[in-house]
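[1] Mind folding the following:
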Amino acid sequence: MSAEQSGVVRLRDRREQLTLRIILTTARRLFAESGYTGTSIRHIAREAGVAPQTIYSHFGSKAGVLRGLIDLLEEEAGLIDLRAESQHLDDPMKLIQVLAKGSRQVRERCGDILTLLHSGASIDADIANARAEAMRRNRIEIDAVIVQIREAGRNLDANATDVAIALMTDDVYHSLVTDAGWTPAAYEQWLTNTLALLLSQSQP
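    Numbering: from 1, shown residues only. From the prediction side, this is the model:
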């Protein structure tokens with residue numbers, strides 16, 4: 001492949017990625033405005049300025065678009081960057097700080113996606129499946145950091161991943177930030193301190 005052809009391929013890839021992002025950000029807005037069931041592929045396509053077939057080709061269905069929002073969440077919340085950063089850390093406390101920062105950023109930047117997944121899971125199978133996938137990925141990511149903390153020499157309880165997941169739920173965030181009026185920064189600091197305290201405590 002010539003350099004010129006390679007440049008054309010890269011340009012095509014960039015255009016495709018831009019199209020996918022436009023579709024997902026449009027769907028995100030429409031799901032928030034009209035609800036998942038109240039938003040059609042045709043509506044998303046019209047607002048995104050693409051043909052419906054473009055959405056079907058990339059995502060397969062509206063449920064596929066919904067699952068794509070999980071990828072968008074990981075990108076916009078900075079989880080990809082935090083994941084890369086954590087790979088180079090061997091200080092247990094800094095790794096715990098990564099967990100707390102990720103939890104804060106997800107809720108600050110993508111709270112609308114989380115609300116959609118949690119509020120609609122009980123009434124729509126597509127949303128329930130997307131929420132299950134988001135929770136599966138969340139456990140994998142948290143467990144990977146817990147493993148790193150152990151490898152860095154921190155003696156953690158066997159249930160450390162479960163404890164971290166429980167502390168990092170939406171309910172805890174909203175109880176402290178929305179209801180009690182804490183700042184997101186105060187939440188992040190509290191979560192860091194609490195994770196550091198509880199993860200190493202023995203369970204009965």
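[2] For the closest residue to T39 other than its chain neighbours, pull up the helix or strand it's in.
    Sequence neighbours aside, L30 is the residue nearest to T39 in space, at 4.5 Å (criterion: CB to CB, 6 or more residues apart in numbering). (Glycine included, C-beta is placed from N, CA and C.) Take DSSP states H and E as the rule and L30 turns out to sit in helix 3-34.
[3] Can you give me the buried ones in the helix or strand following that helix?
    Once helix 3-34 ends, the next helix or strand along the chain (criterion: DSSP H and E) is helix 41-48. By neighbour count on 16 or more other CB atoms under 10 Å, the buried set for helix 41-48 is 41, 43-45, 47-48.
[4] Stretch 23-38 too?
    Of all the residues in stretch 23-38, those buried under the rule 16+ other CB under 10 Å are 23-24, 26-28, 30-31, 36.
[5] and of these, the nearest to E108?
    R28 (15.3 Å; CB to CB).
[6] Check the offset of stretch 188-196 from the chain's centre.
    With CA atoms, centre = their mean, to the nearest Å as the basis, stretch 188-196 stands 20 Å off its chain's centre.
[7] List the contacts of that stretch.
    Residues outside stretch 188-196 that contact it (CB atoms under 8 Å, 6 or more residues apart in numbering): 93, 96-97, 99-101, 103-104, 163-164, 167-168, 176, 182.
[8] mind running it again at 6 Å?
    Here stretch 188-196 makes contact (CB atoms under 6 Å, 6 or more residues apart in numbering) with 96-97, 100, 104.
[9] what's the answer for stretch 66-73, then?
    For stretch 66-73, the external contacting residues (CB under 6 Å, 6+ apart) are 24, 28, 59, 110, 113, 126, 130, 134.
[10] what pLDDT, on average, does that stretch get?
    Mean pLDDT, computed over stretch 66-73, is 95.
[11] Ok, stretch 171-186 next?
    Per-region confidence: stretch 171-186 scores 97 on mean pLDDT.
[12] residues contacting I142?
    I142 is in contact with 161, 164-165, counting by CB under 6 Å, 6+ apart.
[13] For it, which non-adjacent residue is spatially closest?
    In space, I142 is closest to A164, 5.2 Å off (CB to CB, 6+ apart).
[14] Low-confidence bits of the chain, can you list those?
    Judged by pLDDT under 70, the chain has its weakly predicted residues at 1-12, 201-204.
[15] Helices of that one, residue ranges please.
    3-34, 41-48, 52-59, 62-76, 79-86, 92-120, 125-151, 160-167, 170-173, 184-198 (DSSP state H).
[16] No further queries at this time; thank you.
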